[in-house]
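# Here you go, sequence then predicted model.
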Protein chains: 2
Amino acid sequence: MSPTTETLTAERILEATEEVLRRHGPAKATVVDVARALGVSHGSVYRHFRTKAALRAAVTKRWLDRMFETLDVITADESRAPETRLRDWLAALFEAKRRKAGDDPELFATYMVLTRESSEVVDEHLADLTGQLTRIIEAGVASGDFAALDPRTVAVAVFHATGRFHDPGYSRLWERPGAREDFTALVDLLLRGLRAPAA
Amino acid sequence: MSPTTETLTAERILEATEEVLRRHGPAKATVVDVARALGVSHGSVYRHFRTKAALRAAVTKRWLDRMFETLDVITADESRAPETRLRDWLAALFEAKRRKAGDDPELFATYMVLTRESSEVVDEHLADLTGQLTRIIEAGVASGDFAALDPRTVAVAVFHATGRFHDPGYSRLWERPGAREDFTALVDLLLRGLRAPAA
DNA sequence: CAGCTGACAGATTTCAACATCTGTCAGCTG
DNA sequence: CAGCTGACAGATGTTGAAATCTGTCAGCTG
């Protein structure tokens, strides 16, 4: 590694910040640490990000965007039945959050800090996710698989209903024994509610 | 008031503790404060409650039991349709928690402390509530209004699904503009899922 | 002269001495 | 002698001074 040879870009700063966060956690990670990791003065970091909060938000945004991409693959696969897509989408969301919480506890903690600050980045992420849900439900309404309810309203309701399995505040419950069964039971009930009355 | 004339009972200690908690909040309230309020030494309080945590738990239990009683009236009213009872029960739960969070912020904060400690008192409370839900759903299954699903499983699913509207972790969202509509949309969806397919 | 540096003011965090609290218990009191 | 007291040890919380951090900016450098 030759950190001082390349020009300092926002991208390189984000990379370094993620590393520092992973090592120290959101409570201990400082802008000075990030600058040290890059071999520059902390003033240079402030040239690319106006505040520490903005830097933290940018790291989290990247991290959430990667999750969004994963789920978008399921959302966009119009070859499969809406019901299957919805099931898979919810399961993938649960699984993704669960893995993040386990594999990257410090970055996950950063995300939780942002959630509590009710940051714009998290609000956007949640809007993006309900947007994907809305698309799947629209497809189901169009195909006649789902009842003719307002897709956006139902999407929000489904998202709220499954909060226990994607909201970071519940992360400590995700590794408990019955979690998977509870999740399935809940999704089954929601799908019963979504399905159109017998053809 | 003549606090030193009556004998010291668990009940009187709980009363005083509730008052101290209301005034100082869970972070500042001490056993010494409670003893002072009663005009006794703190050693006497330990005669009735083995630890501070036990005292806090007992106060919260009383508080939660009152909520349980309120909801039990709805649960037990077998003259009304299961669907109506379920709607009213969920609305009453939401309303009760919302009022507690607003009117008694310090006692509510105490309850949140216990929730985070995942205390036995809270676990019991949650079990009691899902028990009530189970009874209502059993009634609905028996009357043919609800589909023949396992009542306990469905009760747990409904309880999890509505967490956003009764879990203290979400209390800061309960006074937001759209909360009531979001709640109604969610309950509507759940009831669609519960209803038996057309007679 | 664009981009970086490093000194700086004010905000925040750390740390250690000090104060208060929790939980126990021997002995006092009614 | 049942029930209460108050002194006590160890745990926890408070406080304020010192250290560190955030965010700015005048000036250096390639």
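Nice, thanks for sending it over.

# For A:Ala142, give its distance to DNA strand C.
49 Å (CB to the nearest atom of the strand, to the nearest Å). In this view, the C-beta of every residue, glycine as well, is placed from N, C-alpha and C.

# Now the helix or strand that that residue is a member of: buried residues?
Assigned by DSSP states H and E, A:Ala142 belongs to helix A:120-143. With burial defined by 16 or more other CB atoms under 10 Å in any protein chain shown, the residues of helix A:120-143 counted as buried are A:121-122, A:125-126, A:128-130, A:132-141.

# swap in stretch A:7-19?
Neighbour counts over stretch A:7-19 (16+ other CB under 10 Å) mark A:8, A:13-18 as buried.

# Need the contact partners of that stretch.
The contact list for stretch A:7-19, computed with CB atoms under 8 Å, 6 or more residues apart in numbering or on different chains, reads A:6, A:29, A:34, A:37-38, A:40, A:44-45, A:47-49, A:55-56, A:58-59, A:62-63, A:107.

# That stretch and DNA strand D in contact?
No. Stretch A:7-19 stays clear of DNA strand D (CB under 7 Å from any atom of the strand), getting no nearer than 10.7 Å.

# And for stretch A:20-38?
Yes. Stretch A:20-38 reaches DNA strand D (CB under 7 Å from any atom of the strand) through A:30-33.

# average pLDDT across that stretch?
On average, the pLDDT along stretch A:20-38 is 96.

# And the residues of stretch A:20-38 next to DNA strand D, which of them are buried?
Counted by 16+ other CB under 10 Å, the residues of stretch A:20-38 next to DNA strand D give A:31, A:33 as buried.

# if you look at the residues of stretch A:20-38 next to DNA strand D, which of them are in helices?
A:31-33 (DSSP state H).

# domains in chain A, as residue ranges please.
The record, using automatic domain parsing to delimit domains, assigns chain A the ranges A:10-48, A:53-194.

# among those, which is nearest B:Leu149?
Set against B:Leu149 and scored by CB to CB, the domains of chain A come closest in domain A:53-194, at 7.9 Å.

# What's the end-to-end length of that closest one?
40 Å (CA to CA, to the nearest Å).

# Enumerate the residues of chain A near chain B.
A:147, A:149, A:153-154, A:156-158, A:160-164, A:169, A:182, A:185-186, A:188-194, A:197-198 (CB under 8 Å from any CB of the partner chain).

# Now with 7 Å, please.
Residues of chain A lying near chain B by CB under 7 Å from any CB of the partner chain: A:153-154, A:156-157, A:160-161, A:163-164, A:169, A:182, A:185-186, A:189-190, A:192-193, A:197-198.

# on that earlier part again, put the buried members of the contacts of stretch A:7-19 into a PyMOL selection.
A single PyMOL command is used to select the members of these judged buried by 16+ other CB under 10 Å:
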select buried, chain A and resi 29+34+37+38+40+45+48+49+55+56+58+59+63+107
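
# In helices, which of the contacts of stretch A:7-19 fall?
Mapping the contacts of stretch A:7-19 onto helices (DSSP H) picks out A:34, A:37-38, A:44-45, A:47-48, A:55-56, A:58-59, A:62-63, A:107.

# And these, which two are furthest apart?
Across these, the longest distance by CB to CB is 24.2 Å; it joins A:Arg47 and A:Leu107.
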